[in-house]
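A.B. asks: Got a predicted structure here, sequence first:
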Amino acid sequence: MNHLAVKVVALAAIVALGVVGVGASAWAADGAKGAWYQVYYFKFKFGEADDAMKIVSDHFLKVDQTIGRKAIPFTYESGEWDHVVYFPSVVTAGRFDTLPSEEKWFAALAEQEGGPDKAQAILQKFLDLVTNFKKDIARIVPAPWLP
């Protein structure tokens, strides 16, 4: 399996199965401070960005609205990535997940699309348009120079 295929399979598993485990020690010092985000970066296959974004707007954004998830999307005009999304997240008991959870998101997608198989098909159609993907964790912390 090539490197991209491994990433695509990993993304599908993350979205379909939900929670990403993170060692509690990574957040031990001040894990409760600041606002946490999972950041998804997407590079689409040449000429496929419009089709990918149509899936996002026709399917994924509706689910976000239904469950109240406040995604912060960016379309990049330069650089390596085409689309980057920040998902508000939470760290609890050594686990890191979006708010609401990715599991709840997939369940809502399945309900919207008429079942888990149809939801997975929509997700796979989107993933087939992706040529590169990465995921990071970020947070906004109070800046010491701000009042």
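C.D. replies: Structure received. Remember, it's a predicted structure, so these values are computed and weren't measured experimentally.
A.B. asks: Bridged to the residue lying closest to residue 74 once chain neighbours are set aside, which residues?
C.D. replies: Leaving aside its sequence neighbours, residue 74 sits nearest to residue 84 (Cβ to Cβ, 6 or more residues apart in numbering; 4.6 Å). For every residue, glycine as well, the C-beta is placed using N, CA and C. Residue 84 has the following beta-bridge partners by DSSP bridges: residue 41, residue 74.
A.B. asks: what residues are up against residue 84?
C.D. replies: Contact analysis of residue 84 by Cβ atoms under 8 Å, 6 or more residues apart in numbering lists 39, 40, 41, 42, 73, 74, 76.
A.B. asks: Where does the residue nearest to residue 126 when sequence neighbours are not counted sit: helix, strand or coil?
C.D. replies: Closest residue to residue 126 apart from its sequence neighbours, by Cβ to Cβ, 6+ apart: residue 55 at 4.6 Å. What DSSP: H, G, I helix; E, B strand; the rest coil gives for residue 55 is helix.
A.B. asks: I'd say residue 55 and residue 121 touch.
C.D. replies: No. Between residue 55 and residue 121 there is no contact under Cβ atoms under 8 Å: 11.0 Å.
A.B. asks: For those two, work out which one has more neighbours and name it.
C.D. replies: Higher neighbour count among residue 55 and residue 121: residue 55, with 16 against 12, using other Cβ atoms under 10 Å.
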